[in-house]
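# Fold the following and give me the result.
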Amino acid sequence: MLDELNIGALFNQYVLPWGINIAMALVIFIVGKFFTNVVISLSKKIMVKAKTDGILINFISSIVKSVMMLFVIIASLDQLGVDTTSLVALIGAAGLAIGLSLQSSLQNLAAGVMLIVFRPFRSGDFVEAGGAAGTIEEIGIFTTMMRSGDNREIVIPNAAIFSGTITNYSKRATRRIDLVFGIGYDDDLLKAKEVITKIIESEERILAEPEALVAVGELADSSVNFNVRPWVKTEDYWSVYYALNEKIKLEFDANGISIPYPQMEVHSRA
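Numbering: from 1, shown residues only. Model prediction:
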């Protein structure tokens, strides 16, 4: 009879409370995990509808899930009677130490998020950033990958890009071509302007609006320089650029208009 009373007392004093605590901790963990998955699923759907970048969706989802599951685990341990105050302090200290040791990586991470959020460029854009120029291949969390004009792969830390000047040559639908052509002082200025204007008007890829500029820009030391500034679609920039250089040179030659080049005169005394 005494043994039965001792067993009953032990059960009521230890087994039952611990059993209830373990059961409650499991319930907290399961319900918390389920709630976390629901929140992550809903947030992903909202971000997809808002047309948020896929990289940013995955990044935000993983961060939110990790934070929420950390709270769920702490709550479960607290239900078991574990002193979570010291655990939280330990996690905070560990996080600080990791943050200090990975400071440069965290800078690249933050810069990657900012690049994805503000979108100064997209995949396929030709940009000049971080000391390099090329076509954007991939925007990652830590680095951005470019492809140069001669098909080299360039990997740049995001912090180097975001902290500097970014020039996006593909962002706008149109671009202006800036060319300078010099003629000799003895050449017919009006004839040269007429030749350039006819070439501009005959080039179908040059836009009517804004109107192309053909004007005398400088009376230089050995030449009269024309500023030629037509507008084209961005994708036609280089093809028109090369075509105009060739056509104007050929037409200048055909019309007897010279293009001066630097010369040095040497005078000798007998």
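# Can you give me the buried ones in stretch 69-77?
For stretch 69-77, a neighbour-count test (16 or more other CB atoms under 10 Å) marks 72-74, 76-77 as buried. In short, each C-beta sits where N, CA and C put it, glycine included.
# The residues you listed in helices, which ones?
72-74, 76-77 (DSSP state H).
# Taking those residues together, which two end up most distant?
Based on CB to CB, the longest span within those runs between 72 and 77 and measures 9.8 Å.
# and for these two, which residues touch both?
Both residue 72 and residue 77 lack any common contacting residue under the criterion CB atoms under 8 Å, 6 or more residues apart in numbering.
# Flag the shaky bits of this protein, pLDDT-wise.
Confidence mapping of the chain against pLDDT under 70 gives the ranges 1-18, 53-56, 59, 82-103, 262-270.
# where do the helices sit along it?
Counting by DSSP H, the helices of the chain are 2-10, 16-49, 54-79, 84-101, 103-118, 158-162, 189-202, 237-254.
# just so I know, which of these lies nearest residue 221?
Ranking these by proximity to residue 221 (CB to CB) places helix 189-202 first, at 16.7 Å.
# Show me the contact partners of that closest one.
With contacts defined as CB under 8 Å, 6+ apart, helix 189-202 is touched by 181, 183, 206, 212, 214, 216, 224, 226, 228, 230, 244, 247-248, 251-252, 255, 257.
# now these: which count as buried?
Listed as buried from the contacts of helix 189-202 are 181, 183, 206, 212, 214, 224, 226, 228, 230, 244, 247-248, 252, 257; burial here means 16+ other CB under 10 Å.
# From those, pick the one nearest residue 120.
residue 230 (26.9 Å).
# Surely that closest one is in contact with residue 212?
Yes: assessed by CB atoms under 8 Å, residue 230 is found in contact with residue 212 at 3.8 Å.
# Report the set of residues contacting both of the two.
Common neighbours of residue 230 and residue 212 (criterion: CB under 8 Å, 6+ apart): 200, 206.
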